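Chemist: Okay, sequence plus prediction incoming.
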Amino acid sequence: MEKLFEPVRAGRLDLPHRIVMAPLTRSRAHQPGNVPTALNACYYAQRASAALIVSEATQVSMQGQGYAWTPGIHSREQIEGWRLVSDTVHEAGRRMFLQLWHVGRISHPALQPDQMLPVAPSAVRPAGEAFIENERGEGQLAPFVTPRPLQLMEMPYLVRQYTRGARNAQLAGMDGVEVHGANGYLLDQFAESRTNRRGDEYGGAVENRARLLIEAVETCCDVWGSDAVGVRISPLSTFNDIGDDDPEETFGYIAEKLNDFKLAYLHVVNPAAAAVEKGLPPEPAALRMVELIRRKWRGTLMLCGGFDRDSAESWLELGRADLIAFGRKFLANPDLPERFRRGAPLNQSDPATFYGGGAKGYTDYPTLEQEHGERPKACVDETWR
Ligand SMILES: Cc1cc2nc3c(=O)[nH]c(=O)nc-3n(C[C@H](O)[C@H](O)[C@H](O)COP(=O)(O)O)c2cc1C
């Protein structure tokens, strides 16, 4: 049997195979209030063939929001919305983790409470633009601003945002949470040296820079039990203008330190994604990083980025990972594991419909059965909200 279809354990979960749905922001929460809807529930339930679904990044607070129309997990309505999603996914027989998100500086006053400045470890403005809503209710890009550095006395409040997010995810019927420590957002901004110029116990040495990430993980483990908590990191990534002067030291330390918790899994955005996607061998630095993390981290390891069926199978066989998450391929193929099993062709994802909009490019990607004439199933009552 192919490795991809072998069962595997991830914390308290017994997964039937190794093909995970990666977290994918789709910016389709109901407005106002950033509330998940029946349409969102339908989208996730369609993808219940995944061994595990990791939700789109979900802000733990208003301060934690960085893009228009992304869902939150800090209001009663949002909990109810996510409850509908988790119920629908469970009815379809699958498990789901909610990805807990605070964007830090990757935001804009237009998205912040009282139009305040976004917060960050230090006053370092990211290059690039935020995705906000304009007066006509349309998406628009606006240059990032210089964020306000967090004061030391605010740090316990930051951790409590994760505590509340973790608790609310329980109320919403999720099966666990994934702490979003990747992609240049708040926890990553603290961990990586180029965005962290602090002189207090949250800056300087790697033990200090990683402190907020570890505290966020710890509080989630207190709420859930550590075997229902995953963590995502993205070593060597430059997405959102992030970087580190000694990535092997930083991410080696983080991978090692996370062994203190018996987490469900560590989820690593593949530093070799670009090469893998092109069918090339990984760059030496990227491969060194993957091997370093594999050595340091003693639990279940998930990799994501650039994989197709064959590269995923070969990386599993080489022992580089235990699980492979797929982003764009799952977005466009609700029955991705079945397509892999049969060696069937894949639908191509359409970047024009990634963020915002309705059912088009969201719930209308066909399964193999639908391509052969089966009518799409109604998943939920779409008048729910
Ligand atoms: C439309 C889109 C939205 C994404 N949203 C998130 C997100 O919310 N959280 C996250 O950690 N990564 C996010 N990512 C990154 C994916 O999880 C994944 O790492 C990336 O797509 C590479 O995997 P792939 O080559 O299989 O697509 C997003 C990627 C895409 C294309």
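Modeler: That came through, no problem. Numbering: from 1, shown residues only.

Chemist: Tell me who's in contact with the closest residue to the ligand within the stretch 201-350 of the chain.
Modeler: Here the stretch 201-350 of the chain gets closest to the ligand at one residue, G327, 2.6 Å apart by Cβ to the nearest ligand atom. For glycine as for every other residue, the C-beta is placed from the backbone atoms N, C-alpha and C. By Cβ atoms under 8 Å, 6 or more residues apart in numbering, the contact set of G327 is A22, P23, L24, C304, G305.

Chemist: quick one: Y162 and L100 touch, right?
Modeler: Yes. Here Y162 reaches L100: they are 6.0 Å apart, a contact under Cβ atoms under 8 Å.

Chemist: neighbour-wise, which of the two wins?
Modeler: Set side by side, Y162 and L100 show more neighbours around L100, with 29 against 26, by other Cβ atoms under 10 Å.

Chemist: That one falls within a strand, correct?
Modeler: Yes. Per DSSP: H, G, I helix; E, B strand; the rest coil, L100 lies within a strand segment.

Chemist: thought it was touching V217?
Modeler: No. Checked against Cβ under 8 Å, the pair L100 and V217 is beyond contact range at 10.1 Å.

Chemist: Find the residues that touch each one of these two.
Modeler: Common neighbours of L100 and V217, using Cβ under 8 Å, 6+ apart, are V179.

Chemist: Could I get the contacting residues of the nearest residue to Q115 once chain neighbours are set aside?
Modeler: Spatial nearest neighbour of Q115, chain neighbours left out: P109 (4.3 Å); criterion: Cβ to Cβ, 6 or more residues apart in numbering. By Cβ under 8 Å, 6+ apart, the contact set of P109 is Q115, M116, L117, P118, V145.

Chemist: Save those residues as JSON lines, and put in distance to Y157 too.
Modeler: Listed next are the contacts of P109 as JSON lines, based on distance: Cβ to Cβ, whole Å:
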{"residue": "Q115", "distance to Y157": "20"}
{"residue": "M116", "distance to Y157": "14"}
{"residue": "L117", "distance to Y157": "16"}
{"residue": "P118", "distance to Y157": "15"}
{"residue": "V145", "distance to Y157": "21"}
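
Chemist: Pick out whichever of these sits closest to the ligand.
Modeler: P118 (17.4 Å).

Chemist: Okay, the residue nearest to Q115 and the ligand: tell me how far apart.
Modeler: 22 Å (Cβ to the nearest ligand atom, to the nearest Å).

Chemist: ok, back up a step: identify the contacts common to Y162 and L100.
Modeler: Shared contacts of Y162 and L100 (Cβ under 8 Å, 6+ apart): V60, V179, A216, C220.

Chemist: okay, D350: pLDDT?
Modeler: For D350, the pLDDT comes out at 98.

Chemist: That one - nearest residue in space that isn't next to it in sequence?
Modeler: Distances taken as Cβ to Cβ, 6+ apart place G361 nearest to D350, at 5.1 Å, with adjacent residues excluded.

Chemist: show me the contacts for that neighbour.
Modeler: G361 neighbours (Cβ under 8 Å, 6+ apart): D350, A352, T353, F354.

Chemist: ok so, going back, dump the contacts of P109 to CSV, plus distance to the ligand and secondary structure.
Modeler: Below are those laid out as CSV (distance: Cβ to the nearest ligand atom, whole Å; DSSP: H, G, I helix; E, B strand; the rest coil):
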residue, distance to the ligand, secondary structure
Q115, 24, helix
M116, 23, coil
L117, 23, coil
P118, 17, coil
V145, 22, coil
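
Chemist: If burial is judged by neighbour count, which of these pass?
Modeler: L117, P118, V145 (16 or more other Cβ atoms under 10 Å).

Chemist: ok, the last one - contacts?
Modeler: Each residue near V145 by Cβ under 8 Å, 6+ apart is listed here: H108, P109, L117, P118, R125.

Chemist: pLDDT score for it?
Modeler: Reading off the model, V145 has pLDDT 98.

Chemist: Buried residues in stretch 190-210, which are they?
Modeler: Buried residues in stretch 190-210, counted by 16+ other Cβ under 10 Å: 190-193, 195-196, 198, 202-203, 206, 208-210.

Chemist: can you check stretch 249-258 too?
Modeler: So stretch 249-258, judged by 16+ other Cβ under 10 Å, has buried residues T250, F251, G252, Y253, I254, A255, K257, L258.
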